[in-house]
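Visitor: show me how the following folds:
(chains A and B)
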Amino acid sequence: MKYMGEMLLTRTPFSEIVMGNTALVRAMIEAGTRVVTSYPGSPTPEIATAIHSIPPEKRPFHFEFSTNEKVATEVALGASLNGYLSTVFFKSVGLNVAADAFVQLSLLNLIGGMVIVLGDDPGANSSQNEQDNRHYAAMSYTPLLEPANPAEVYAYYKEAAALARSLCRPVILRLTTHVCHAKEKVAFGGWEPEVFENNPRFDAANGPYIPLTAAVFPKKRTALENLRKAARWVDERGLHTVTDHGSPRGIILSGMVALSVADVLEGLADRPDILKLAMPYPMPVRVVADFLAAHEEVKVLEELDDTLEKDIKAMAFDRGLTTRIIGKQDDGDWIGEYTADKVRDILHRAWPDIVPPRTAAATALVSVPVRPAQMCPGCGHRSAFHAIKKALPEGTVTVADIGCHTLGFMEPYRMGEILLCMGASTAMGAGLTLFNDTRKVVAFLGDSTFFHAGLPGIVNALFNRHNLTLVLMENGTTAMTGHQDHAASGRNFNEPTDAIPVREVLEGLGVKHIFETDTYKQAELTDLMRQALAVDAFSVVIARHPCMLLFTRNQRRKSGYVDRHVTIDQERCTRIHTCVQDFACPSFIRAADGSVTVNPELCIGDGSCMQTCANTAITR
Amino acid sequence: MNIFNIYLCGVGGQGIGLLSEIILRAADHAGHAAKAVDTHGLAQRGGIVVSQIRLGKAAHSPMIPEGEAALVVGLERHEALRAMQSALKDGGALVYYDTVLQPLPVRLGAAAEISGDDVDRVASARGITTHAVIRPDLVDPRMQNIAVLSVISREGLIPGVTAEHYEQAMDDLLKGVVLEANLQLFRGGLSRALLEPQA
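Guide: Residues are numbered from 1 along each chain as shown, chains lettered A, B, ... in the order given. All right, here's what the predicted structure looks like:
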């Protein structure tokens, strides 16, 4: 749609093709959500894209990208304490960052209600693991709704908001990658804008809000009670559905797995009955017990871990139900996304008599070279890695962090050999220096990550006198997730703001050895890196260059922009291949005869490659 | 038509997202039950971008089971062949923009570039019809997606979806000069595209 912002504010009912992330924003508007916060992370950034399509003055709620997921959770919590319905959203592993705040939420009287939207990532499409955040729901006594498609994202958010408001407690809406990104036509209801009063209703009497021992036990009791209320509420709303094929066999599932199962069962003569749970946690005892009692065999088909299976088996044991319950049968059942192919394999194993096996896939007749994701043409990180590598003594350990620069681990750079989570590089690097007199340690960190979770590791390096070098890859944006502004960008989501300069922060912390240059100045960067490594203390090299994807995109929008690119002087080129093999910008083309040319469709004409050629054969 | 699966692929930055959205909306305008999903975990250029579209009421998940695509749309030769081998069923159709963006192993000298002959060899062994699109006259490589769309439309590669539906979809999504330029390219596809349809 051309005008997403207008579409999202439509008053009358309408239908539109949208992705799950967009459907969510319409639901937020209809539900009367007042405050929404986030930190960018796939698969959720398009939620913010949809919000951004509504001009700030027309936006019915406050939205911000906070500095990290924990902060975002705390801001949303504060708003709810004032009586405003709030929502925080972030990616799967973002909940680990937010956990310290999150696990307390269900113990608090959130008078405005609060919805936590999670973008889980079965299949680890864009995450460092495929953790199953249903465990966090159980750990924190938080009800969790799980939609299967964009239409359900829209419907379930509104249910979650209503439930959160009625209980004055948090409710999780758990999305997964291909629910966020699925597109289909959704029928939306009408929307009558509410006239909101700014009435901050925080009152300590609504608490207790101080979690001392005496207060913890009754609050925990209320949280457990609320779980039962939530289960009843979903039951009464009729959100769990049974598809009855008159079979003695049944399948219990939730979320997108329902669609994969529907694909597999399509056209089969003998189809098991299906119980689809809108809220897998808390497991709805009555609905599940009835379903078990009505079937001889029930397969619990759940993506990732076995949380439902355990709950269901425990309940069946207590009630003396004799239904045969088939859970996970193989380690592979714990791993990867439950696509139709995977579901077919699993169901065929359980019930070969009714579900035929997958037809063998055609064998690949020609082997196609792999295509790993890589840094863009002109990326400042490539220039930095090329220059820094020259300064590193043999045996140097390089530690990566999260961001575009993570891609430096690949051939041909091999820079950043360990990656853990947001902001971990400096502290991990510090640990690598202990009882280590022979090998240098270099940590990399991006500027958004610096503010997100990087600072404590840096403070610790100073506090405990760790001797390592941190390279701060400063590109002015959160590039990997789609160029969101951060604290040093000089803009927040809504307006210009005072940039917090990275260098001055480091100076203020007391970092005594700071070196700084533009990453395109490769000789200087190599030299500064050598100097930094020679310092017998914590040192920082700020390797600065704007994100060229963003920069070029902005330049192209300006009138008078002319595409530029470099060319290779074939007379001077002696085919040493430094450009294509060591610097390895994707713009270079290597012909079968070993000659090298430049692909003008990819080259942005930045010229960062020119200095890498010993024959000065690259010209602009 | 029970189910018609379309698997689109290319390299980040080539405009797979827009092409997919146009086809999805055109299919909707044509009265198909339609759903889709994009895979775009990493924002950078240079990685593989895939979009899947499924038409028909019997298609439930937006993700196509392995080897069940009736049509593969590629914006790059390596990706076209990769998808043809993993996603396309025997006897299906492949339409691709015949440009090459060399994958890393080719640039490192560790693997050979895929040729048009490689594509044709696999296609003929599996009874696949291919349409290689080349438009040397394109002023902007970012319009290669629309050049491919014009061939999809002209060859009637998606059942029930006509040029009118595609234009309607483009009008849903684009505006101003961008819409005009793309419509012009789309309509001129017949006279100006250099086509090599092969059985």
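
Visitor: make it CA atoms for all contacts and neighbour counts henceforth
Guide: Fine.

Visitor: and residue 156, what is it in contact with?
Guide: Using chain A here. Shown in contact with A:Tyr156 (CA atoms under 8 Å, 6 or more residues apart in numbering or on different chains): A:145-147, A:173.

Visitor: actually, chain B is the one I wanted.
Guide: Applying CA under 8 Å, 6+ apart, we find B:Gly156 in contact with B:Thr162.

Visitor: for it, grab phi and psi.
Guide: Main-chain torsions, B:Gly156, degrees, to the nearest 10: phi 60, psi 40.

Visitor: what sits up against stretch A:120-131?
Guide: Residues from elsewhere that reach stretch A:120-131, judged by CA under 8 Å, 6+ apart: A:42-43, A:91-93, A:132-133, A:174-177, A:303-304, A:335-337, A:420-421, B:41-42.

Visitor: hmm, try it at 7 Å
Guide: In this structure, residues lying in contact with stretch A:120-131 by CA atoms under 7 Å, 6 or more residues apart in numbering or on different chains are A:42, A:91-92, A:174-177, A:304, A:336-337, B:41-42.

Visitor: just the ones of those residues in helices?
Guide: A:Thr177 (DSSP state H).

Visitor: can you name the two of the contacts of stretch A:120-131 that are farthest apart?
Guide: Maximum pairwise distance in the contacts of stretch A:120-131, criterion CA to CA, is 22.4 Å, between A:Leu304 and B:Leu42.

Visitor: residue ranges in the chain under the pLDDT threshold?
Guide: The chain I'm using is chain A. Nowhere does chain A drop to pLDDT under 70.

Visitor: ah, no, chain B please
Guide: Short version for chain B, where the test is pLDDT under 70: B:1, B:40-45, B:189-199.

Visitor: got the residues of it near chain A?
Guide: Within chain B, the positions adjacent to chain A are B:34-38, B:41-48, B:58-62, B:65-67, B:78, B:82, B:85, B:102-105, B:107-108, B:111, B:114, B:122, B:141, B:172-174 by CA under 7 Å from any CA of the partner chain.

Visitor: of these, which belong to helices?
Guide: Among the residues of chain B next to chain A, the members found in helices (DSSP H) are B:78, B:82, B:85, B:104-105, B:107, B:122, B:172-173.

Visitor: quick one: which of the residues you listed is most hemmed in?
Guide: Of all those, B:His78 has the most neighbours under the rule other CA atoms under 10 Å in any protein chain shown, reaching 30 neighbours.

Visitor: ok, residues contacting the helix or strand containing A:Glu6?
Guide: Following DSSP states H and E, one finds A:Glu6 within helix A:4-8. By CA under 7 Å, 6+ apart, the surrounding residues in contact with helix A:4-8 are A:26, A:53-54.

Visitor: closest one of those residues to A:Ser86?
Guide: For those, the nearest to A:Ser86 is A:Arg26 (14.5 Å; CA to CA).

Visitor: pretty sure the closest one belongs to a helix, no?
Guide: Yes. Checked against DSSP: H, G, I helix; E, B strand; the rest coil, A:Arg26 lies within a helix.

Visitor: in space, what's closest to it - neighbours in sequence excluded?
Guide: A:Leu8 (5.5 Å; CA to CA, 6 or more residues apart in numbering or on different chains).

Visitor: then A:His577?
Guide: In space, A:His577 is closest to A:Val596, 7.7 Å off (CA to CA, 6+ apart).

Visitor: does the one you found touch A:Ser587 like I think?
Guide: No. In this structure A:Val596 lies outside contact range of A:Ser587 using CA atoms under 7 Å: 10.2 Å.

Visitor: from A:Cys168, how far off is A:Tyr141?
Guide: 14 Å (CA to CA, to the nearest Å).

Visitor: quick one, phi/psi of B:Ala33?
Guide: Taking degrees, to the nearest 10 as the convention, B:Ala33 sits at phi -70, psi 130.

Visitor: quick check, it in contact with B:Ile53.
Guide: No. B:Ala33 is not in contact with B:Ile53 according to CA under 7 Å; the separation is 10.5 Å.

Visitor: follow-up on the earlier one: how about the helix holding A:Glu6 as PDB, C-alpha atoms only?
Guide: Extracted in PDB, the C-alpha atoms of helix A:4-8 (Å, rounded to 0.1, in the frame of the first residue of the first chain):
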ATOM      1  CA  MET A   4       0.500   2.800   5.100                       C
ATOM      2  CA  GLY A   5       0.200   5.500   7.700                       C
ATOM      3  CA  GLU A   6      -3.300   6.500   6.400                       C
ATOM      4  CA  MET A   7      -4.300   2.900   6.200                       C
ATOM      5  CA  LEU A   8      -3.400   2.300   9.800                       C
END
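
Visitor: what lines up beside the host helix or strand of B:Gln52 in the sheet?
Guide: Following DSSP H and E, the helix or strand that holds B:Gln52 is strand B:48-55. Sheet pairing of strand B:48-55 (DSSP bridges) gives strand B:4-11 (antiparallel), strand B:34-39 (antiparallel).

Visitor: thanks a lot, catch you later.
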